[in-house]
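[1] Predicted model and sequence follow; I will ask about them next.
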Amino acid sequence: MVDFIKRDKNDIYSKPILGFLFKNQKFLLTLKMAVLALFLYAIYFGFTHTGKDNIFTWAVFWGIFWSLFMVVTLPTLGRIFCGICPHGFVGKYITKYGLKKTMPKWMQNRYIGVFLLVIGWWGIYYMFPGVYRTALGTAILFTVMTLLAFVVYFIYKDMSYCKYICPIGTLTRAYSKLSFTWLGTYKSACDECKTFDCATACPHNLKPFTFDKRNSMTDCTLCMDCSSACESVSFKVKKPSFSLFSMFQILKAEVWVFIFILASIPITMSFHHGIGRSAVAGDMIWSKTAEFFKGYISFGSVDPIGLFAFLYAMLFTVLSALIGMFIASKILKKDFTKIFYDLGYSYAPLFILGSIAHSLETFFTRGYQRIVEGFAQGFGFSVEIASLAKRGDSWLHMFGLLKWVAVVWALIILYKRMKLLDTEKMRKILAFPFAASLIIFFLSVNMYRSHILDTYGRASGGHGSHGGGKLFQSVPKDKATLLHSNNSCVACGMNLPKFYKTNHAGNLNEKSRQYCSIHCLTEEKNLKKMPLSDIKVVDVTSLKFIDAKSAFYVVGSKKKATMSRVSKYAFANKGDAYKFSKQFGGKIVNFEEATKIAMRDFAGKKELKKHSATDIIYFSDKNPMAKKSHGRGGHMHGGSRGRVPSKKVWPLFSDGTNTNCISDIDADLYLLDANLNTTELKQSRDRGCKSVSFKMPANGYYNVFYSDKQVKNNTFYNATSKYEYMRFNHDRNAVYDKKKMSAQTIKEVPFDILRIRENDETFFHRLYSGNTIKLKVLLDSKPIDGASLTLSTKTGWSKTVKTDKNGMASFVLIKDYFPEWDKFDRRHKNKILLTANYTKESEGEYFTDKYNKVKYRATYTSLYYPATSEYTSYAYGLVFATVTAILSGFIIYWFRKRRQKPFKEVSFNEKN
């Protein structure tokens, strides 16, 4: 045993603060006990708070332990996660007093742990999405794993569970080879050692004094027990992945971990969660395979697309590695097994750096918020904080560079390991691209994913964004009590089961009226003075109607409100209300006070401005009052199997200064569908800003028309507004019918604008800046000469031209997007408004109003995207900067290498 040793400068133990953090046994024991307590408490909390509202259990296991802490520390500091793992900490003491049996040979198989991770976790994850991410599911998972671990620790010696059974044991051993830390010993002290205290102290029965010579830390978990037994143990900072640049004893399971984890996480995620969210997801082989087997097999609750995405990712990944390495072995004239496992270590960076990128981005966009709020919830507090960043923030793109770093790092490791092979240089050069086949496949999948999303865009109503889900207020229809035959709120028309937990009801003339919220009830009872009696409210706990006057309302909790800024949830039992307020905030009030708070929604509410005959009316797919109506604006709905997608748009009007909603549409509404059938539409029942909805059962263009006619000051104003939308669900049988897809009008509107299609247009057509848009203006379905046509952009630029004798006019779509360079979004939509005007002298009578002049106006809204020339320079700049950095590094290395002169012995002859 060595009591003192002079440490090297790169020894972490020589640094006061770092040495304390990594070596001081009292501190490490306290840390391990704290982690164990947190681990057990999170499991307990998962069993006692089983609902989705429990974010504490999520914060501990999926926010901190995995993926943030472990994924970030593995390629940097090594297996320090294993060093503080609750299983290993407790298992050390269980093993000490256990049976100490030798694990049977058949169990000494590292593929058991790998199988549990790949199939038991990721396979289940893709087949049953979210099953482990619920609080109860997480608690059950880690309880089972803990009991299994403790049983194995008790029966077998040498911490055999960590080596062979632990799902992440082989994984952490494999990926820790990328780290820049190394636990070893000082050879000068070990040469004279006869007690081997470091080996005696190791609970895994390892020999730290052999790590440097073997160029491998084997199964060391960095528990640091050896460092307290002997001062000759060192923990040094080294070059990242330096051990992979030299020979060491190969462990075959580690190479398969690199391959299986790469297939299970980044490749399957790209297939299922990346490409699976694109507009062409249904054309992918895994989706088609799932649809094929669904015709013969009932999958029940299994997600067949997730299952087959996982299987295809596994197949393609394994084949890429095997085929590439097989060809490389033939070129190198070496044994395939040796080449496969020697060079397979180059796969190490591919998954781990990509996961760091995702983990860090997730931490800034929502992880930090959920972790802080989760821990506050777990310890009885209620806090509400904002995320550190928003999805789409330009600075988050820097994390995406880590995938490129992973590819470059993998190629460097492959190059270094190929140098160790004893064969001709030319053969190595020829074999290199084949040996790198899996690296190239990983890069290709990422590029293809970006290409698919950039070319075809995201599917409307598809998977949705992360963090989505059912509203807290929602219940299945069979769980909701409906007091009348209609499942809509009698005041606003909103779906009652969707907002059931805030439902109220009352009787009017002995008939039940059911409302989505106390907001709607208050409007009819207090503002419209309806004599409602027997007021009831849904009890959140039992989901049954109770007397509202005896209910306990929790007002102002973190749970979303219905039709209001301030949430109001009712409970029959005061204890339930208290628990709810303790968990989600808010104060407990009675029905009378809740009604007074609901009345504030109507205080100072202004009537929407009425539009006049001279105002410009046009359609928008966004509700300008969305903030005031608290997110009730919708756009595209549907997309799930068996459901017909629908679209909602709002007619707006501009008086030259402001944009306003229409509170009551006093005009004719028509829909020309994809099959060229014309039907009348009705305005929505929403209060305030009226909208128009229409269903889209088939592929093709859908045109909504707003036709308004009125006489003012002896002038007949005939206004038409058109909204054109193309729906395409990427059905493999879809045919682009040029006749149906051509620009269309209807006889019900006398004045209209048509956008003339290009000859090469397909379902994937988009307009870009620099394109020429061709238009035709029709009057009574005939081209009109001399109509005034104006194109206006969102930034205020406009241009006016006159139509020719064929009613034609054209515009070049100008560049109208000038963001800061780091905020450029190539998916930015430049919105344009086309307005056609034509006046003719004509006398007539509309109803009883006479006129001597007719003014026609038509509007047509469209959008276009930035041209590729506007952002390719960014890519060129990034490539140039990357190449410059790499070349600079090589030049500096080459220059310094040439300056290093080998030592030459100089001898002197004293006689001469």
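    Perfect, thanks for sending it.
[2] and residue 622, how far is that from residue 661?
    In this view, residue 622 and residue 661 are 11 Å apart by Cβ to Cβ, to the nearest Å. Glycine gets a C-beta too; all of them are placed from N, C-alpha and C.
[3] overlap in contacts of those two?
    Here residue 622 and residue 661 share the contacting residues residue 650, scored by Cβ atoms under 8 Å, 6 or more residues apart in numbering.
[4] Compare those two (neighbour count), which wins?
    Higher neighbour count among residue 622 and residue 661: residue 661, with 21 against 14, using other Cβ atoms under 10 Å.
[5] Excluding chain neighbours, what is closest to residue 56?
    Nearest non-adjacent residue to residue 56, counting by Cβ to Cβ, 6 or more residues apart in numbering: residue 378, 3.4 Å away.
[6] didn't that neighbour look like it was pressed against residue 61?
    No. Contact status for residue 378 versus residue 61: not in contact, 11.9 Å apart, counting by Cβ atoms under 8 Å.
[7] For these two, list the residues in contact with both.
    With Cβ under 8 Å, 6+ apart as the test, residue 378 and residue 61 both reach residue 42.
[8] just to revisit the earlier point, ok, the residue nearest to residue 56 - contacts?
    41-42, 45, 56, 59-60 are the contacts of residue 378 under Cβ under 8 Å, 6+ apart.
[9] any idea how far residue 431 lies from residue 423?
    Going from residue 431 to residue 423 by Cβ to Cβ gives 9 Å.
[10] Are there residues contacting both of those two? Which ones?
    By Cβ under 8 Å, 6+ apart, the residues touching both residue 431 and residue 423 are residue 332.
[11] higher neighbour count, the two?
    Higher neighbour count among residue 431 and residue 423: residue 431, with 25 against 13, using other Cβ under 10 Å.
[12] quick one: that one is in a strand?
    No. Counting by DSSP: H, G, I helix; E, B strand; the rest coil, residue 431 is not found in a strand; it is helix.
[13] Which pLDDT does the model give it?
    The score at residue 431 is 96. That number is its pLDDT.
[14] So that it lines up with my notes, have the first residue be 48 from now on.
    Fine by me, first position is 48 from now on; the one you just mentioned is residue 478.
[15] Check whether it really touches residue 468, as I assumed.
    No. Using Cβ under 8 Å, residue 478 makes no contact with residue 468, being 9.0 Å away.
[16] shared neighbours, those two?
    Shared contacts of residue 478 and residue 468 (Cβ under 8 Å, 6+ apart): residue 379.
[17] quick one on the thing from earlier: select from the contacts of residue 425 every entry located in helices.
    Counted as lying in helices by DSSP state H, out of the contacts of residue 425, are 88-89, 92, 103.
[18] Sketch out the strands for the stretch 748-897 of the chain, chain order is fine.
    Chain-ordered strands for the stretch 748-897 of the chain, with DSSP state E, counting those that start in this stretch as the definition, fall at 762-774, 798-802, 819-826, 829-830, 835-840, 845-849, 855-859, 877-893, 896-911.
[19] how about these in TSV, adding mean pLDDT, mean neighbour count and distance to residue 133?
    Formatted as TSV, these follow (pLDDT from 0 to 100; neighbours: other Cβ atoms under 10 Å; distance: least, Cβ to Cβ, whole Å):
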stretch	mean pLDDT	mean neighbour count	distance to residue 133
strand 762-774	94	21	52
strand 798-802	96	23	64
strand 819-826	95	20	64
strand 829-830	94	12	78
strand 835-840	94	20	60
strand 845-849	94	13	67
strand 855-859	95	16	66
strand 877-893	92	16	55
strand 896-911	93	19	54
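[20] The stretch 648-797 of the chain: helices as residue ranges?
    Using DSSP state H, counting those that start in this stretch, the helices found in the stretch 648-797 of the chain span residues 785-788.
[21] where in it is pLDDT low?
    The model of the stretch 648-797 of the chain has pLDDT under 70 over residues 651-656, 673-689, 702-704, 734, 777-779.
[22] hang on, the earlier thing: now the two most distant members of the contacts of residue 425.
    Greatest spacing in these, by Cβ to Cβ: 88 and 106 (11.8 Å).
[23] who's more crowded, these two?
    residue 106 (22 against 15).
[24] was I right about that one contacting residue 418?
    Yes. Contact criterion Cβ under 8 Å: residue 106 and residue 418 qualify, at 4.6 Å.
[25] show me where the stretch 248-397 of the chain has helices.
    Applying DSSP H, counting those that start in this stretch to the stretch 248-397 of the chain gives helices spanning 258-261, 272-276, 299-309, 315-316, 332-341, 351-379, 383-390, 395-409.
[26] Tabulate these (TSV), appending mean pLDDT, distance to residue 58 and mean neighbour count.
    Below are these laid out as TSV (pLDDT from 0 to 100; distance: least, Cβ to Cβ, whole Å; neighbours: other Cβ atoms under 10 Å):
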stretch	mean pLDDT	distance to residue 58	mean neighbour count
helix 258-261	94	13	16
helix 272-276	92	11	21
helix 299-309	97	27	22
helix 315-316	94	39	24
helix 332-341	90	50	16
helix 351-379	96	38	20
helix 383-390	96	31	19
helix 395-409	87	25	23
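[27] I'd like to know which of these lies nearest to residue 431.
    When the helices of the stretch 248-397 of the chain are compared by Cβ to Cβ, helix 395-409 sits nearest residue 431, at 19.4 Å.
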